[in-house]
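Here is a sequence with its predicted model. Questions after.
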Amino acid sequence: MDAIDKMHLLADLAQSHCELNHGPDIDNKDHPAVDYIVLPLGYEDNEVVETTARELVIPVCGECAQAIAGEEWTLLYCFECNSSHWLHRQLAKNKYRHHVLWLRGCPDCSNEFGGLYFNDVVPSEVELLAEMISRNAA
């Protein structure tokens, strides 16, 4: 993502609302976005670096951003249908260690599993995110 795209996203942040699941019967309009999760969709070859064909940009509220940065929750996000589910790591049947698991296909949109991708929050990003959340809360 180039600097102009980042500036455009920051300008739209004030009108954006969190797009992650907050539970049944909860309106996402009640959760103003404070940041974005950006997933570059593409691949990197050993010899040639491909530019990403597109980027998935998801507005998130402060509560979800803290949950992603913490060690208590793992976010499952299907980038085919944009559905999201939270897993509490201590209560989950499997042992999850990643902050976000990206699914290609899920039970909500298909009966065909297309792959699982993951990424973790970089510690410097957690500090920056915590600083941004505290500034917005004040």
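On my side now, so go ahead.

ok, residue 64 to residue 4 distance?
Counting by CB to CB, to the nearest Å, the gap from residue 64 to residue 4 is 26 Å. In this view, the C-beta of every residue, glycine as well, is placed from N, C-alpha and C.

Which of those two has more residues huddled nearby?
Applying other CB atoms under 10 Å to residue 64 and residue 4 shows that residue 64 carries more neighbours, namely 25 against 8.

doesn't the more buried one fall inside a strand?
No: counting by DSSP: H, G, I helix; E, B strand; the rest coil, residue 64 is located in no strand; its state is helix.

didn't it look like it was pressed against residue 20?
Yes: between residue 64 and residue 20 there is a contact under CB atoms under 8 Å: 4.8 Å.

Could you list the low-pLDDT ranges of this structure?
Within the chain, the stretches with pLDDT under 70 are 1, 28, 41-53, 114-115, 117-138.

middle-most residue in it, spatially?
Centroid check for the chain by CA atoms, centre = their mean gives residue 37 as the closest residue, at 4.2 Å.

and it, what does it touch?
57-58, 60, 68, 100 (CB atoms under 8 Å, 6 or more residues apart in numbering).

Now that you've got these, can you turn the buried subset into something I can paste into ChimeraX?
A single ChimeraX command selects the buried members of these (16 or more other CB atoms under 10 Å):
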select :58,60,68,100
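
Including secondary structure and distance to residue 14, could the contacts of residue 37 go into TSV?
Listed next are the contacts of residue 37 as TSV, based on DSSP: H, G, I helix; E, B strand; the rest coil; distance: CB to CB, whole Å:
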residue	secondary structure	distance to residue 14
57	strand	15
58	strand	17
60	strand	14
68	helix	21
100	strand	24
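
would you turn the contacts of residue 37 into JSON lines with distance to residue 110?
Formatted as JSON lines, the contacts of residue 37 follow (distance: CB to CB, whole Å):
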{"residue": "57", "distance to residue 110": "23"}
{"residue": "58", "distance to residue 110": "20"}
{"residue": "60", "distance to residue 110": "25"}
{"residue": "68", "distance to residue 110": "25"}
{"residue": "100", "distance to residue 110": "20"}
